[in-house]
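# following is a predicted model, sequence given first.
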Amino acid sequence: MIATLIFILILSLLIIVHEFGHFIIAKKLGVRVEQFSLGFGPRLLRKKKGDTEYSLNLIPLGGYVKMAGDNLEEYKGKNDEYFWQSPGKRFEIIFAGPLLNYLLGFIFFWAILFIGYPTLTTKVGGLVDGFGAQTAGLKPGDKICAVNNRKVDFWQDLQKEIQKNKSAGSVNLTVLREASQLNVKVSLREESAPDAMGQPRRLSLIGITPFDELVEIRHGPIESIFLAGEKTLELTLITYKGFWFLVTGKLSMRQSMAGPLEIFFMASKAASLGLVAVLHLIAVLSISLAIFNLLPVPVLDGGHIFLLGIEKIRRKPLGIKTERMLTNLGFSLLLTLVVLVTYNDILRRYGENIHKFIAK
């Protein structure tokens, strides 16, 4: 029940922030907002305030803001309607949704860095047979303090420093063993391993595993801003790289996309790990949602922005029939995508059991 509640709260937060972006800019520009809805299906709550009806619906898998005259069939030429606005102002309304999601992700990354997060130390937990660390005489419990005289405090720093020196074929480690400091030369061994995108990459390894020792890292408020910016940019580049690999066939949809079922399992796992894990999941999902929404697909924000570009070039909007056709096409594509990612989620989680059941 706790996992389900966290899942619903995470989705609701992402949707509310996104739709609030559209809502607040529309109101600022004088566009009449008729509905602000969270979820789909039967209505649970409804309240009218001013021109806007706010509603909470049963299925928390989406939401929408309904503006006056936001489609050509309803547009009556009034100055408080969406289509009365210039293409530039309509762009502001559309872009505000993904922008707020993007900012939410950045803020949550900042919060994680500022309040503190756990990370592994450089203490050796185990040795892999046949690798350089074992040959050089390293032992479980040793703490690696430096790589080629460059200080390392955390496991991720240790990994980065080793990869920086992979062309050398070996590294000099400064090791703390009980009360003694040792200098050990360790040879590197190259192995192939999948990266974050599932693509093969060559890594130079010394053959150690981490000790189960965690420390908490905190950064100052200003430093956290820059680090959060780096994380946001890194996630953005990885996401676009994933889309490119998906389009070019280097990455399958099962590897690159997650649907509601998989997000539920992510939320469950994050809830068991604590607040920092939940904040991290929200940050990643919020930025991913912003980027996905900006894809040039009809019914998505990116699709609307693309049509605005066409309108700007033509100096007039597309016709009602064309708009309706593109909307229907967009909904069909989106529905197909939801079905496919849900199917992939089921296979990812229960594929082995399904195959065993079929075999019987």
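That came through fine. Because the structure is a prediction, the values reported are computed rather than measured.
# work out for me the element the closest residue to residue 38 other than its chain neighbours sits within.
Distances taken as C-beta to C-beta, 6 or more residues apart in numbering put residue 63 closest to residue 38, at 4.6 Å, once the chain neighbours are dropped. C-betas here are computed from N, CA, C, even on glycine. Secondary structure assignment for residue 63, by DSSP states H and E: strand 52-67.
# tell me the helices and strands packed up against that strand.
Under the contact criterion of 3 or more C-beta pairs under 8 Å, 6 or more residues apart in numbering; DSSP states H and E, the helices and strands touching strand 52-67 comprise helix 2-28, strand 33-49.
# residue 113 reaches residue 224, doesn't it?
Yes - Residue 113 lies in contact with residue 224 (C-beta atoms under 8 Å); the separation is 4.0 Å.
# between the two, which one's more packed in?
residue 113 (22 against 18; other C-beta atoms under 10 Å).
# can you give me the helices in the protein?
2-28, 87-115, 132-136, 155-164, 221-248, 253-256, 260-273, 275-293, 301-314, 320-359 (DSSP state H).
# for the chain, what helix or strand is lowest in average pLDDT?
The helix or strand of the chain with the lowest confidence, counting by mean pLDDT, DSSP states H and E, is helix 253-256 at a mean of 62.
# winner for burial among the helices and strands packed on strand 52-67?
helix 2-28 (a mean of 18; mean count of other C-beta atoms under 10 Å).
# list the helices and strands it packs on?
For helix 2-28, the elements it packs on are strand 33-49, strand 52-67, helix 87-115, helix 260-273, helix 275-293, judged by 3+ C-beta pairs under 8 Å, 6+ apart.
# between the fourth one and strand 52-67, how big is the angle?
When you say that, I think you mean helix 260-273. Counting by axes from the mean of the first three to the mean of the last three C-alpha atoms, to 10 degrees, helix 260-273 points 120 degrees away from the direction of strand 52-67.
# give the buried residues for helix 260-273.
261, 262, 263, 264, 266, 267, 270, 271 (16 or more other C-beta atoms under 10 Å).
# do the same with the last one
Taking 16+ other C-beta under 10 Å as the basis for neighbour counts, the residues of helix 275-293 that come out buried are 276-293.
# that one packs against which elements?
Looks like helix 275-293 contacts helix 2-28, helix 87-115, strand 117-120, helix 221-248, helix 260-273 (3+ C-beta pairs under 8 Å, 6+ apart).
# cool, the shortest one as well?
In this structure, helix 260-273 makes packing contacts with helix 2-28, helix 275-293, helix 320-359, judged by 3+ C-beta pairs under 8 Å, 6+ apart.
# check the offset of it from the chain's centre.
On the basis of C-alpha atoms, centre = their mean, to the nearest Å, the separation between the geometric centre of helix 260-273 and that of its chain is 13 Å.
# just the angle between that helix and helix 275-293, please?
Computed by the same axes, to 10 degrees, the angle between helix 260-273 and helix 275-293 is 160 degrees.
# now the angle from helix 260-273 to helix 2-28?
Using the same axes, to 10 degrees: helix 260-273 against helix 2-28 is 110 degrees.
# could you list the residues in contact with helix 260-273?
2-4, 6-7, 10-11, 61, 258, 277-278, 280-281, 285, 341-342, 345-346, 348-349 (C-beta atoms under 8 Å, 6 or more residues apart in numbering).
# go again using 10 Å as the cut-off
Around helix 260-273, the neighbours that count as contacts under C-beta atoms under 10 Å, 6 or more residues apart in numbering are 2-11, 14, 60-61, 118, 258, 276-282, 284-285, 338, 341-346, 348-350.
# between the helices and strands packed on strand 52-67, which gets nearest to residue 142?
Closest to residue 142 of the helices and strands packed on strand 52-67, according to C-beta to C-beta: helix 2-28, at 38.8 Å.
# centre of the chain to that closest one, how far?
If you compare the mean C-alpha spot of helix 2-28 with that of the full chain, they lie 15 Å apart, counting by C-alpha atoms, centre = their mean.
# run the angle between it and helix 87-115 for me.
Per the same axes, to 10 degrees, the angle that helix 2-28 makes with helix 87-115 is 140 degrees.
# ok so, going back, can you redo the helices and strands packed on helix 260-273 as TSV with mean pLDDT?
What follows is the helices and strands packed on helix 260-273, written out as TSV (pLDDT from 0 to 100):
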stretch	mean pLDDT
helix 2-28	90
helix 275-293	92
helix 320-359	70
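# now render these as a markdown table, adding distance to residue 239.
Supplementary listing: the helices and strands packed on helix 260-273 in a markdown table, determined by distance: least, C-beta to C-beta, whole Å:
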| stretch | distance to residue 239 |
| --- | --- |
| helix 2-28 | 15 |
| helix 275-293 | 5 |
| helix 320-359 | 15 |
